[in-house]
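> All I have is the shape, not the residue letters:
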């Protein structure tokens, strides 16, 4: 049975304390925690955007944002994985109707990482394609049942391939100082057969013009890839900053200076810092909602012009840079003890700084491309 946005957000917030309690273990495992994935599935949160035709809730971008924020405030690695699972279930509706029917045959969701980079090499064979290659950064692959992998055909045409997890190998390459708990290991395909109906030209997949998307009346199924992925994951940053702020709040309320014995909470400087921290988190959340409003306006208008895409990328990059700077400021104000490996603030610090370098959000590229657009110049970067 479909749930409302309010119900979905309430469920995510109810799960957050348990996810936070497992955050250190999640990082140590270098993979999403089994209990977290089970809880997200049982709470029916991963099918938020799946069309009702396949049994999903068919909610909107705003619901996805608030659910992802709630999870990310507890653990950014868990929030990132959840965001990809939620969003990639919608991206799968760009595949053929037959492929969608297979994917959602048993339940209205898949645990599905993906990589758009054309890392596979595909040669035509009877009934489909034989694909081989390696794709990295596969967030969520440790619990996956399907994967989406990009590749080039022998004629140089980019395609997306939908592949059952049992047909690929997982190479344990994920040894990172930040976002360790996503388990974003490499996916390896060795001569895997992919039937024709589970292959889609990357242009149709990326633009949202694929025939599979057309069977659904909801325009979100035809949203261009980059604006959608920005909306899919922006809540990891705003939620992560909120989580770091909550930790900082608790730290300053109980902290005592070692040499003087003075309670930090009684000092005017602390009041200034704590007030600023909460404002930074509130502004990040409002900016993230602004991102959703901009994208939703384009959806309603039925068009994502290049100027819209450049603006969306630039605004998303600004949100991410704002969150990175704010977390770094919190860390610098928290005292040396907050760098202890068993304390959560240093994890938010490492996770945010690592994730802020993501190619989809990197600040210098985002504002450079926006500046080019303001001068009437064409973009020079493919990720817009």
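Now that the structure is in, tell me what you want to look at. Just so it is clear, the structure is predicted and the values come from calculations on it, not from any experiment.

> any idea where the strands of this protein begin and end?
Along the chain, the segments classed as strands by DSSP state E run 114-125, 128-135, 146-153, 158-164, 169-171, 186-195, 199-201.

> would TSV of the ones you listed with mean pLDDT and mean neighbour count be doable?
(C-beta placed from N, C-alpha, C; glycine too.) Shown next, in TSV, are those (pLDDT from 0 to 100; neighbours: other Cβ atoms under 10 Å):
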stretch	mean pLDDT	mean neighbour count
strand 114-125	96	19
strand 128-135	98	19
strand 146-153	98	23
strand 158-164	98	22
strand 169-171	98	15
strand 186-195	98	18
strand 199-201	98	20
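
> measure the residue nearest to residue 188 when sequence neighbours are not counted to residue 36 for me?
Excluding its sequence neighbours, the residue lying closest to residue 188 (Cβ to Cβ, 6 or more residues apart in numbering) is residue 169, at 4.3 Å. When distance is defined by Cβ to Cβ, to the nearest Å, residue 169 is 24 Å away from residue 36.

> and if you look at residue 172?
Per Cβ to Cβ, residue 172 is found 20 Å from residue 36.

> ok, the closest residue to residue 265 other than its chain neighbours - how many residues close by?
Computed as Cβ to Cβ, 6+ apart, the closest residue to residue 265 that is not its neighbour in sequence is residue 253, at 5.4 Å. Per other Cβ atoms under 10 Å, the neighbour tally for residue 253 reads 12.

> Same check on residue 279?
Counted by other Cβ under 10 Å, the residues lying close to residue 279 total 12.

> quick one: pLDDT of it?
Looking at residue 279, its pLDDT stands at 98.

> just residue 261 next, same as before
The score at residue 261 is 66. That number is its pLDDT.

> so what's the residue nearest to residue 188 up against?
Each residue near residue 169 by Cβ atoms under 8 Å, 6 or more residues apart in numbering is listed here: 187, 188, 189, 190.

> Look up how far residue 192 lies from it.
10 Å.

> And residue 42, by the same measure?
As it turns out, when the distance is counted by Cβ to Cβ, residue 42 lies 31 Å from residue 192.

> Equivalent analysis for residue 320, please.
Taking Cβ to Cβ as the measure, residue 320 and residue 192 are separated by 35 Å.

> ok, residue 377 - how many residues close by?
As a burial measure, the neighbour count of residue 377 was computed by other Cβ under 10 Å and equals 10.

> Kindly report the same for residue 28.
Under the criterion other Cβ under 10 Å, the count of neighbours that residue 28 has is 11.

> Excluding sequence neighbours, find me the nearest residue to the residue nearest in space to the middle of the chain.
Centrality entry for the chain: nearest residue to the mean C-alpha point is residue 233, 3.4 Å, by Cα atoms, centre = their mean. Setting aside the residues directly before and after it, residue 233 is nearest to residue 83 in space (Cβ to Cβ, 6+ apart), at 4.9 Å.

> In contact with the one you found, which residues?
If you count contacts by Cβ under 8 Å, 6+ apart, then residue 83 has 64, 68, 72, 232, 233, 235, 236 around it.

> rerun that using 6 Å as the cut-off
When contacts are counted by Cβ atoms under 6 Å, 6 or more residues apart in numbering, residue 83 is found next to 68, 232, 233, 236.

> I'd like to know how many residues surround residue 102.
Other residues near residue 102 come to 18 when the count uses other Cβ under 10 Å.

> Distance of it relative to residue 228?
Using Cβ to Cβ, one gets 23 Å for the distance from residue 102 to residue 228.

> distance of residue 88 from residue 275?
Residue 88 sits 39 Å away from residue 275, taking Cβ to Cβ as the criterion.

> Which residue of these two possesses the greater neighbour count?
The neighbour count for residue 88 versus residue 275, taken as other Cβ under 10 Å, is higher for residue 88 (25 against 10).

> Would you confirm that that one contacts residue 111?
No. With the criterion set as Cβ atoms under 6 Å, residue 88 and residue 111 do not qualify as a contacting pair; they are 8.9 Å apart.

> in stretch 175-186, what counts as buried?
Of all the residues in stretch 175-186, those buried under the rule 16 or more other Cβ atoms under 10 Å are 176, 178, 179, 180, 181, 182, 183, 184, 185, 186.
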